[in-house]
Each structure stands twice: as structure tokens, then as C-alpha cells.
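Asker: With the input below, show me the fold.
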Amino acid sequence: MSDAIAGFQDVADTASDLNAQAFLINQIIGKLATTALVKVLSVTNAGGVAAVGMVDVQPMVHQVDGAGNPTPHGRITNIPYFRLQGGTDAIILDPKVGDIGICVFCSRDISQIKRSKAPGAPASRRRYGWGDGLYIGGVLNGVPTQYVRFSSAGIEIKTTNNLVLNAQNVTLDTAGNLGVKGEVTAKVGASQVTLTNHRQTGVQTGLATSGPPQAGT
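Answerer: Presented below is the predicted three-dimensional model:
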């Protein structure tokens, strides 16, 4: 005797025409991609100054057949990811492989819009398809080691490498002062001071005042 084929329909679904119709409608709804928790498999960008890129993702909740057997989803490619940006002003924080985030899926085919970046007709009659996703960022991720942290104590910037401010001018006040337009260098290893060319003349022990700065070597 062959094994029975397990499906999603049960006895109640055949009890009336209404139940049978409701079952068919639910099966159709189940094919629509809406929102999914996904893992990032690859990213086109790596923190450089560039246009917003794409990610490949995999839905994390497996598909399940009528017998309850799980099957992992495949890879969904070429998904635009979200960046906080207005005009040419942006915070560049590209996703990384292994990130967990949310993917939402558009109600129409957006493939032509992804290519042209301009309004236009859908490229096909596809609706709520897995290929029309947008990755909107991280959830369920671990403890960061680099961050900008806002709290009642103020704002903290933590980096595991260099902190570079690329600006025409820097000002820090409310009376921490600072200022700076040009120069101010200080290095300890292999020396290098300056502010401005800092070596002082006319120095002697006692209560004497030093002379003006002297160019260093």
C-alpha cells in the first residue's frame, strides 16, 4: 500500500462550499510575499562613499509542507537596502554578511525601477513576488563594538580604529571651546608636535616666561 499524500486541506475544508472556497483563498494568500525576517548573504558595498547598493538575502523561517517537513528558502538576489539619506547627505552604514534584518516585498514588479531609478510601468504582471524585496535593516543582531550612543548622559562615539572628521572647520563650544581651522598635530611615537610649529625659545628655569613658538624639526 502506498503512503498517503499529506496536504494542507483537512476534513473541515470539505464540509461545505464556503469552507472549500475559504481554503482555496487561504492557499492563494499564502503565496504572497509580504514581510520576512532574513539573513544577509552578500553585500555589494563595504563602507565606501558610493551609491546605495544591493544585498542577497535568505528568509530565515523555513517553508513547511503538508506533512510538517521544513525546507529552507533559496537565495533572493539583488535586493536594494535602506540608507538614511536626504539628497547628497547620508549616514553610510552598509549591511554586513550575517546581519539579520527585515525584508518587505512590493505589490508590483519593481525590477525596471531598480534599473532606471525613475517612475515607470511594472516590467511584468508579477505581484507580491520574492524578487521585489527591500531590505530595511537590522534586528536580532549582537552587541556593537563601534557605535554612536545616545543616552541621558549625552552622546558617545566609540570606534575601534581611527576617528576622522573631514570638515572645512571644527568648532566645539558651550564653553569647551576648541575652534581649529588648520593644523594642530600631536603625535607621541616618532614625535611631531606643532600648534603651530611648537618649540619655544628663551626658556630658562625659574619664573621666566617663554618666548614665542619656534619651528620644530
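Asker: Could you check the longest strand seen in the chain and say which residues are buried?
Answerer: Under DSSP state E, the strand in the chain containing the largest number of residues is strand 35-43. Buried positions in strand 35-43, judged by neighbour count with 16 or more other CB atoms under 10 Å: 36, 38-40, 43. Bear in mind the C-beta positions are built from the backbone N, C-alpha and C, glycine included.
Asker: Stretch 142-161 too?
Answerer: Within stretch 142-161, no residue counts as buried by 16+ other CB under 10 Å.
Asker: Residues in contact with it: which ones?
Answerer: Leu163 (CB atoms under 8 Å, 6 or more residues apart in numbering).
Asker: What average pLDDT does it get?
Answerer: Summarised as a single mean, pLDDT over stretch 142-161 is 91.
Asker: Render the CA-only coordinates of it in PDB, please.
Answerer: Extracted in PDB, the C-alpha atoms of stretch 142-161 (Å, rounded to 0.1, in the frame of the first residue of the first chain):
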ATOM      1  CA  GLY A 142      24.600  41.300  18.600                       C
ATOM      2  CA  VAL A 143      26.400  43.800  20.700                       C
ATOM      3  CA  PRO A 144      28.200  46.500  18.600                       C
ATOM      4  CA  THR A 145      31.900  47.400  19.100                       C
ATOM      5  CA  GLN A 146      31.600  50.700  17.100                       C
ATOM      6  CA  TYR A 147      28.700  53.000  17.700                       C
ATOM      7  CA  VAL A 148      27.100  56.400  18.300                       C
ATOM      8  CA  ARG A 149      25.200  56.100  21.500                       C
ATOM      9  CA  PHE A 150      22.500  58.500  22.700                       C
ATOM     10  CA  SER A 151      21.600  58.400  26.400                       C
ATOM     11  CA  SER A 152      20.500  60.800  29.200                       C
ATOM     12  CA  ALA A 153      24.300  61.300  29.900                       C
ATOM     13  CA  GLY A 154      24.800  62.700  26.400                       C
ATOM     14  CA  ILE A 155      26.200  61.300  23.100                       C
ATOM     15  CA  GLU A 156      29.100  58.900  23.000                       C
ATOM     16  CA  ILE A 157      31.100  58.000  19.800                       C
ATOM     17  CA  LYS A 158      33.100  54.700  20.100                       C
ATOM     18  CA  THR A 159      35.400  53.400  17.300                       C
ATOM     19  CA  THR A 160      37.800  50.500  17.200                       C
ATOM     20  CA  ASN A 161      40.000  52.400  14.700                       C
END
